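Enquirer: output the structure for:
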Amino acid sequence: MKNSYKTIAALVLSILTITSFSLNAQDKAKGIPSVKLKTLDGKIISSDDFKNDGKPIIIDFWATWCKPCVNELNTIQELYGDWKKETGVKLIAISIDDARTMSTVASFVNGKNWDYEVYLDPNSDFKRAMNVNMVPHTFILNGNKEIVSQHSSFAPGDEEKLYEEVKKAAAGVQTKGE
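Expert: This next block holds a predicted model:
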């Protein structure tokens with residue numbers, strides 16, 4: 001009788017392990033989680049609504065108080081027109097500013113003339129769901145909205161590496177980010 005309990009326990013453990021791996025693979029295939037965000041004018045939007053007609057999307061988590069974040073977005077802005085023409089990429093900037101600084105995001109963005117979609121993550125729900133621990137944190141999604149690459153921090157020259165990953169995503173090449 002003891003052996004049959006051990007066999008059943010081993011079988012159940014095996015099934016749970018296999019199911020766990022299957023769920024992880026399915027979760028990965030889903031891409032980004034569904035989370036509510038706010039537009040700069042206070043309307044609610046879902047991350048499910050991020051669309052780019054089967055072309056790559058860059059999701060960049062940033063904050064107004066983060067100098068590397070602002071440097072990254074300023075640097076990309078200089079190249080963004082060419083990137084869009086060549087790959088069709090869309091950049092979506094997610095501000096993680098807290099209640100003290102969130103009210104300044106819209107004027108900050110308008111002063112920068114960034115050609116990006118910018119959303120607010122007021123409760124850091126999207127940040128947590130995407131497992132972002134520091135900013136800037138940049139994700140590249142392929143045309144199926146699956147995460148194919150990600151990178152934290154920013155240094156001059158990183159924009160070129162980012163664009164190489166975007167081109168791979170646009171071409172349908174599977175990449176492996178940090």
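Enquirer: quick one: average pLDDT of stretch 146-153?
Expert: The pLDDT scores in stretch 146-153 average 95.
Enquirer: that stretch: which residues count as buried?
Expert: Neighbour counts over stretch 146-153 (16 or more other Cβ atoms under 10 Å) mark 147-151 as buried. C-betas here are computed from N, CA, C, even on glycine.
Enquirer: tell me the pLDDT of residue 12.
Expert: At residue 12, the predicted lDDT confidence score is 40.
Enquirer: how about residue 106?
Expert: Residue 106 is given a pLDDT of 96.
Enquirer: after the helix or strand harbouring it, next one along is what?
Expert: Counting by DSSP states H and E, the element that carries residue 106 is helix 105-112. Where DSSP H and E defines the elements, the next helix or strand beyond helix 105-112 is strand 117-120.
Enquirer: same question for that next one, mean pLDDT?
Expert: The model assigns strand 117-120 a mean pLDDT of 97.
Enquirer: just the strands in the chain please.
Expert: 36-39, 44-46, 57-62, 90-95, 117-120, 137-141, 147-152 (DSSP state E).
Enquirer: to residue 106, which of the ones you listed lies closest?
Expert: Residue 106 lies closest to strand 117-120 among those, at 8.2 Å (Cβ to Cβ).
Enquirer: could I have the CA atoms of the closest one written out in CSV?
Expert: The C-alpha trace of strand 117-120 is given here as CSV (Å, rounded to 0.1, in the frame of the first residue of the first chain):
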residue,chain,number,x,y,z
GLU,A,117,2.2,57.6,-26.9
VAL,A,118,2.6,58.4,-23.2
TYR,A,119,0.6,56.8,-20.4
LEU,A,120,0.6,57.0,-16.7
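Enquirer: what about the residue lying closest to residue 105 once chain neighbours are set aside, neighbour count?
Expert: Leaving out its chain neighbours, the residue that sits closest to residue 105 by Cβ to Cβ, 6 or more residues apart in numbering is residue 95, at 4.9 Å. Neighbour count of residue 95, defined by other Cβ atoms under 10 Å: 28.
Enquirer: so residue 95 sits right up against residue 65, yeah?
Expert: No: contact between residue 95 and residue 65 fails when scored by Cβ atoms under 8 Å: they sit 10.4 Å apart.
Enquirer: okay, now the unreliable bits of this protein?
Expert: Filtered on pLDDT under 70, the chain yields the residue ranges 1-30, 174-178.
Enquirer: for it, which segments are assigned as helices?
Expert: 2-30, 67-87, 105-112, 125-129, 158-171 (DSSP state H).
Enquirer: buried ones in the fourth one?
Expert: For helix 125-129, burial by neighbour count (16+ other Cβ under 10 Å) applies to 126-127.
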